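Enquirer: with the sequence up front, the predicted model follows.
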Amino acid sequence: MPFDAQSDVDDHILLRRFAAGDDEAARVLTLRLTPRVFAHAMRLLGDRAEAEDVAQEAMLRLWRIAPDWRAGEAKVSTWLYRVTANLATDRLRKRRGVALDSVPEPEDGAPSAAEGLQDAARAAALQAALAALPERQRQAVVLRHIEGLGNPEIAGIMDISAEAVESLIARGKRALSAALSGRRAELGYHDD
Amino acid sequence: MEDFFGAARRMAPEPSPALMARVLEDARAVQATSVRGRVARPGLLAQLREALGGWPAIGGLATAGVMGLAIGIGAATGLGDLTAALLGQPGDAYLVDLMPELDFDIAMDLSEG
């Protein structure tokens, strides 16, 4: 749904307009980026309240850096994923030792009730399995397989080589697969 | 695994309207602060005007400038007589060495390299 004339404009151009005082740019960037930042924080943290705090803080840092933003140096989304991950990591370190058992609530709006329930169950199971992964593996797997980023961009976000990204993802997926294999039947898979 | 990732993508957690409102509120607050900061800083001409003492001083300077121009144009011949009376006839030249002792210092510097 196109919400206005600026909906097709690049993030960094909107950010420049924002820095120049354009209120519409502020609105478009908020609508465009906050859901992605929040979803990423939610997947890394597994807790809605903490994910909202992290998302608000990450976006606040974006607003503050806007006047000094240098186009071409990094994509706005890449920068945001990095800041979000750093803020989430700080949170995880603070609460280390606390069980990570919270999972996202099932959301409305799925294609049908049955499919929606199954999707919700699988997404919840994946979230629980992700929470058990080491932080870096979780971040790499989420960025690659849920956010849909390429390895070079993930390498930029995580400040590691593309080979290291590949290795983290491979190990993360093996662990996820092992964790989820025991729950195949309850998640709608049948071995026949 | 792709089923799980696909489900996670379809079931993306969505931010609450309250979060969206807070983020937009932050954006406008930061924007207002930085735009106000830019407006508060005066431009180069404004800084120069203030350094000279504001508009009254600029007015005085302009008057003095106009008067100087008028004197320059209107009193050229009279000034020629005044210049001759004060400085002597054209052609008279005087060489005055105000600090003769400097010759010695410069010669010493040159000889020492």
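Expert: Right, received. Where do you want to start?
Enquirer: could you use CA atoms for every contact and neighbour count after this?
Expert: Fine.
Enquirer: give me phi/psi at A:Asp47?
Expert: Per-residue torsions, A:Asp47: phi -140, psi 120 (degrees, to the nearest 10).
Enquirer: the helix or strand of chain A with the lowest mean pLDDT near chain B at all?
Expert: Here the helix or strand of chain A ranked lowest by mean pLDDT, DSSP states H and E is helix A:113-131, holding a mean of 80. Yes - Helix A:113-131 reaches chain B (CA under 8 Å from any CA of the partner chain) through A:Asp119, A:Ala120, A:Arg122, A:Ala123, A:Ala124, A:Leu126.
Enquirer: got it, and stretch A:136-155?
Expert: Yes - judged by CA under 8 Å from any CA, stretch A:136-155 and chain B are in contact via A:His145, A:Ile146, A:Glu147.
Enquirer: was I right to think the first one contacts B:Phe5?
Expert: Yes - with contacts counted by CA atoms under 8 Å, A:His145 reaches B:Phe5, the gap being 6.2 Å.
Enquirer: quick one on the thing from earlier: packing partners for the least confident helix or strand of chain A?
Expert: Applying 3 or more CA pairs under 8 Å, 6 or more residues apart in numbering or on different chains; DSSP states H and E, one finds that helix A:113-131 makes contact with helix A:23-45, helix A:162-181, helix B:2-10.
Enquirer: switch to 10 Å and redo it
Expert: On a contact count with 3 or more CA pairs under 10 Å, 6 or more residues apart in numbering or on different chains; DSSP states H and E, helix A:113-131 meets helix A:23-45, helix A:135-141, helix A:162-181, helix B:2-10.
Enquirer: and the angle for that helix with helix A:162-181?
Expert: Counting by axes from the mean of the first three to the mean of the last three CA atoms, to 10 degrees, helix A:113-131 points 120 degrees away from the direction of helix A:162-181.
Enquirer: mind saving the C-alpha coords of helix A:113-131 as CSV?
Expert: Provided in CSV are the C-alpha atoms of helix A:113-131 (Å, rounded to 0.1, in the frame of the first residue of the first chain):
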residue,chain,number,x,y,z
ALA,A,113,-7.2,-20.0,10.7
ALA,A,114,-5.6,-23.5,10.4
GLU,A,115,-2.6,-22.3,8.3
GLY,A,116,-2.3,-19.3,10.7
LEU,A,117,-2.2,-21.6,13.7
GLN,A,118,0.3,-23.9,12.1
ASP,A,119,2.5,-20.9,11.0
ALA,A,120,2.2,-19.4,14.5
ALA,A,121,3.2,-22.8,16.1
ARG,A,122,6.2,-23.2,13.7
ALA,A,123,7.3,-19.6,14.2
ALA,A,124,7.0,-20.0,17.9
ALA,A,125,9.0,-23.2,17.9
LEU,A,126,11.6,-21.6,15.7
GLN,A,127,11.8,-18.6,18.1
ALA,A,128,12.3,-20.9,21.0
ALA,A,129,15.0,-22.9,19.2
LEU,A,130,16.7,-19.6,18.1
ALA,A,131,16.7,-18.4,21.7
